[in-house]
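Asks: when you get a sec, could you give me coordinates for this:
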Amino acid sequence: MYTLQNAPAVSVHSFEREAKPGNKFFSLTRSEGGIVYEADLLQPHRKDFYLLVFVKHNVGRHWVDTIPYEHASNTFYFSTPEQVLVKEDPSPFWGTHFSFTPEFLALQQNAALTELPLIQNPHNGHELRLNPTDAAFVEETLRKMEAEYASPGEWQHRMLSAHLAVLLTYLSRLYTAQFAASEASVDRFLLKAYQARIEENYRELHEVGAYAALLNISAGHLSEVVKAQSGKSAIKHIHERRVLEARRLLFYSHHSLKEIAFDLGFADASYFNRFFKRETGVTPADYRTTIRKMYQ
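Replies: Below you'll find the model as predicted:
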């Protein structure tokens, strides 16, 4: 199957490129009114690491998966490696940003963090608005992390991991409340597992039965649980993930409709055209024209 892996739709920024020299897995920077200038402003890109930013105060805007976010005070922004980001003009920034790699999460003492909602991000979210109490807690925890980060030593990594676990757990509680996730249950975990498998395989697997086989359950049971837990059919989850990636590629890349169709696992461009119009109400070509006129 033809893919765009050898000709990516957008550039991928590596952790080594954006972190301070010598930081292999984790990086943290606090700013008190500083301005960060980058050579690739307005250029769409993905990151191969997790980026988390606490904005104490900033005026500006950036984009995530074609959605604009106006910067707000006392707000926590987060992005995962799959999301497409665009930065607009820089402006004075008060707050803290930190980042870490998937390898950092794979370390034994951090393995449990991969199960947190903020890291799994099943709702493809990006922004958490904090009330004064939440903002104070986040800011204090970040101060502790900054102090450890500035003091290399035998216990530094363990202390950073401990503070990070507290922060991400706290933010995950806010995440579930903000995105109205239902109470944890066996069925809820099955829905999350299904969504995770879709994220891993949406280019190759397009039928509910294929995912049911991966999860070692029947397609009927999977469909029933997914519908009850999410309010959407199981096949709709697959379709929505393919549409999301199609929107990303149509907006941010210059690849032809045929190339995008093949990358997303469609047998031909005409099938992709019919699928996209059925799901969105417009053709891929019309969507690309409209979205670029609107935002570029």
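Asks: neighbours of the closest residue in space to D268 that isn't next to it in sequence, how many?
Replies: Nearest non-adjacent residue to D268, counting by C-beta to C-beta, 6 or more residues apart in numbering: A261, 6.7 Å away. The C-beta positions use only the backbone N, C-alpha and C, and glycine is treated the same way. Applying other C-beta atoms under 10 Å, we find 24 other residues in the vicinity of A261.
Asks: residues in contact with A261?
Replies: 268-269, 271-273 (C-beta atoms under 8 Å, 6 or more residues apart in numbering).
Asks: could you tell me which of the residues you listed count as buried?
Replies: Taking 16 or more other C-beta atoms under 10 Å as the criterion, what is buried in the contacts of A261 is 269, 272-273.
Asks: give the next helix or strand downstream of the longest helix along the chain.
Replies: As assigned by DSSP state H, the longest helix anywhere in the chain is helix 156-178. Proceeding N to C from helix 156-178, the next assigned helix or strand is helix 186-201, under DSSP states H and E.
Asks: any weak-confidence spans in the stretch 51-200 of the chain?
Replies: 180-185 (pLDDT under 70).
Asks: roughly how far out does stretch 221-236 sit from the chain middle?
Replies: Taking the mean of its C-alpha atoms, stretch 221-236 sits 23 Å from the chain's own mean (C-alpha atoms, centre = their mean, to the nearest Å).
Asks: buried set for that stretch?
Replies: In stretch 221-236, counting by 16+ other C-beta under 10 Å, buried: 222-223, 225-226, 229-230, 234.
Asks: would you list the buried ones among the contacts of A261 in JSON lines and tack on secondary structure and pLDDT?
Replies: Below are the buried ones among the contacts of A261 laid out as JSON lines (DSSP: H, G, I helix; E, B strand; the rest coil; pLDDT from 0 to 100):
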{"residue": "A269", "secondary structure": "helix", "pLDDT": "93"}
{"residue": "F272", "secondary structure": "helix", "pLDDT": "96"}
{"residue": "N273", "secondary structure": "helix", "pLDDT": "96"}
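Asks: number of residues surrounding the residue nearest to G209 when sequence neighbours are not counted?
Replies: Spatial nearest neighbour of G209, excluding adjacent residues (C-beta to C-beta, 6+ apart): A219 at 4.4 Å. A219 has 16 neighbouring residues, counting by other C-beta under 10 Å.
Asks: need the contact list for A219.
Replies: 208-209, 212, 234.
Asks: one more pass at 10 Å, please.
Replies: Residues in contact with A219, defined by C-beta atoms under 10 Å, 6 or more residues apart in numbering, are 207-213, 234.
Asks: which of these are buried? Put it as a PyMOL command.
Replies: Typed into PyMOL, the next command selects the buried ones out of these (criterion: 16+ other C-beta under 10 Å):
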select buried, resi 208+211+212+234
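Asks: which of the contacts of A219 sit farthest apart?
Replies: Distance extremes for these: the farthest pair is A213 and A234 at 13.0 Å, using C-beta to C-beta.
Asks: shared neighbours of these two, which are they?
Replies: With C-beta under 10 Å, 6+ apart, A213 and A234 have common neighbours 207, 219, 222.
Asks: helix or strand: which one has the last one?
Replies: Following DSSP H and E, the helix or strand that holds L222 is helix 219-230.
Asks: do the same with E259
Replies: Per DSSP H and E: helix 257-263 holds E259.
Asks: averaged pLDDT, that helix. What do you get?
Replies: Averaging pLDDT along helix 257-263 yields 94.
Asks: flag every buried residue along it.
Replies: For helix 257-263, by 16+ other C-beta under 10 Å, it's 257, 259-263.
Asks: then stretch 42-62?
Replies: Neighbour count says stretch 42-62 has 44, 46-47, 49-56, 58, 62 buried, by 16+ other C-beta under 10 Å.
Asks: gap between stretch 44-52 and the chain center?
Replies: So, by C-alpha atoms, centre = their mean, the centroid of stretch 44-52 is 8 Å from its chain's centroid.
Asks: that stretch: end-to-end distance?
Replies: Stretch 44-52 stretches 18 Å from its first residue to its last (C-alpha to C-alpha, to the nearest Å).
Asks: ok, F266 - how many residues close by?
Replies: Neighbours around F266, by other C-beta under 10 Å: 23.
Asks: that one against E204, yeah?
Replies: No - using C-beta atoms under 10 Å, F266 is not in contact with E204; the gap is 11.8 Å.
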